[in-house]
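S.K.: fold the following, please.
(one chain, ligands or ions: 1)
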Amino acid sequence: MISFENVAYSYGGGELLSDMTLRLAPGSFHFLTGPSGAGKSTFLKLCYAELLPTAGHVSLFDREVRSLGRDDVAHMRRRVGVVHQDCQFLDHLPLAANVTLPLTVSQREIDGGDLGDLLAWVGLKHLADALPPSLSGGERQRAALARAIITDPEVILADEPTGNLDWEMSLRLLTLLVELNRMGKTIVVATHDLNLIRQAKAQIAARVLRISNRRLQLAGADL
Ligand SMILES: Nc1ncnc2c1ncn2[C@@H]1O[C@H](COP(=O)(O)OP(=O)(O)OP(=O)(O)O)[C@@H](O)[C@H]1O
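M.R.: Residues are numbered from 1 along each chain as shown. Predicted structure coming up:
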C-alpha cells in the first residue's frame, strides 16, 4: 500500500527523518509513537504525498510519489483518508455538509441513507445539522473520522486522533478505528498514548513503530 525505501526528510536544516525503510501491508494496523517533535506528523505527510522525501523513495499503491502528476496525487488522495491533528471544519456549514465535503469538491454525491448510516456509526446522527463551533472535542474527532472515510479510502492515517480526549472518548474512537481495520482498511495512528496502544493490542494485531533519533524502529512486545 505504502512503502518507504531509505527515506529521509529535511525541512531545510539537518535531517529530521533518516534512512527509513518500511512496507505497510494491506489490512495492517500500525501505531506511530515518538517524542514530541520527532517527526510523526511529517512521516504521515510523506505517506499521503503532502511532502516529498528529500532522499529515498516513497511509493503509494505501487507508484513512486515523485512520478505522480497533480491529477494522480488527487486520485491517490481519495484512496487515503487523513484525520488531521487539528481537524478543522468550515464553521458556517453544518456537520453533515462538512463530512460530505470531500465528495462535494470532487462533484460526487452520497445517498442520504448512507450518510445517515455513517453519522450513526460515529454516533453523530443527532448532530447532523449542528455547526462545528458547537461540537465537543470528541464530537469533532468523530466528525473528522467520518469525513476521512466518506470516500471509502483503503488507507486511514490519523494524527493524534485522541490528543485532547478523555479516556472514555479515546476508547470510543479506538473502537471505530479497530472496526475499520476489521473491515480491511489499512490504518496508521500517530499517538503519544501508550495506554491506547496497549488497549488496541489486546484487540488486534497492531504493530508499533517508534521514531527515535531520526530513525524508524519497530517497538518490542513490551508495549
Ligand atoms: N513546515 C515546517 N517547516 C519547518 N519545520 C517544520 C515544519 N513542520 C514541522 N517542522 C518541525 O519539524 C519537527 C517535527 O515536527 P512534526 O510535527 O512532524 O513532529 P511530531 O512528532 O508530529 O510532533 P508532535 O508530537 O508534537 O505533534 C519539529 O521540530 C517541527 O518544528
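S.K.: okay, residue 86 and residue 41: tell me how far apart.
M.R.: Going from residue 86 to residue 41 by C-beta to C-beta, to the nearest Å gives 10 Å. (Each C-beta comes from the backbone N, C-alpha and C, glycine too.)
S.K.: actually residue 213, sorry about that
M.R.: Residue 213 sits 18 Å away from residue 41, taking C-beta to C-beta as the criterion.
S.K.: which one of those two has more residues nearby?
M.R.: Relative neighbour count places residue 41 above the other of residue 213 and residue 41, with 17 against 8, counting by other C-beta atoms under 10 Å.
S.K.: ok so that one is a helix residue?
M.R.: Yes: secondary structure of residue 41 (DSSP: H, G, I helix; E, B strand; the rest coil): part of a helix.
S.K.: contacting residues for it?
M.R.: Contact analysis of residue 41 by C-beta atoms under 8 Å, 6 or more residues apart in numbering lists 85, 159, 190.
S.K.: go again using 6 Å as the cut-off
M.R.: residue 159 (C-beta atoms under 6 Å, 6 or more residues apart in numbering).
S.K.: how near is it to the ligand?
M.R.: 3 Å (C-beta to the nearest ligand atom, to the nearest Å).
S.K.: now do residue 217
M.R.: Residue 217 is 14 Å from the ligand, by C-beta to the nearest ligand atom.
S.K.: in the protein, which helix or strand is least confident?
M.R.: Of all helical and strand segments in the chain, the minimum by mean pLDDT, DSSP states H and E falls on helix 101-105, at a mean of 81.
S.K.: list of residues touching the lengthiest helix in the chain?
M.R.: Taking DSSP state H as the criterion, the chain has its longest helix at helix 167-182. Residues from elsewhere that reach helix 167-182, judged by C-beta under 6 Å, 6+ apart: 29, 138, 141, 161, 162, 187, 196, 200, 203, 204.
S.K.: what about the closest residue in space to the second one that isn't next to it in sequence, distance to residue 139?
M.R.: Read it as residue 138. Leaving aside its sequence neighbours, residue 138 sits nearest to residue 169 (C-beta to C-beta, 6 or more residues apart in numbering; 3.7 Å). Here residue 169 is placed at a distance of 9 Å from residue 139 (C-beta to C-beta).
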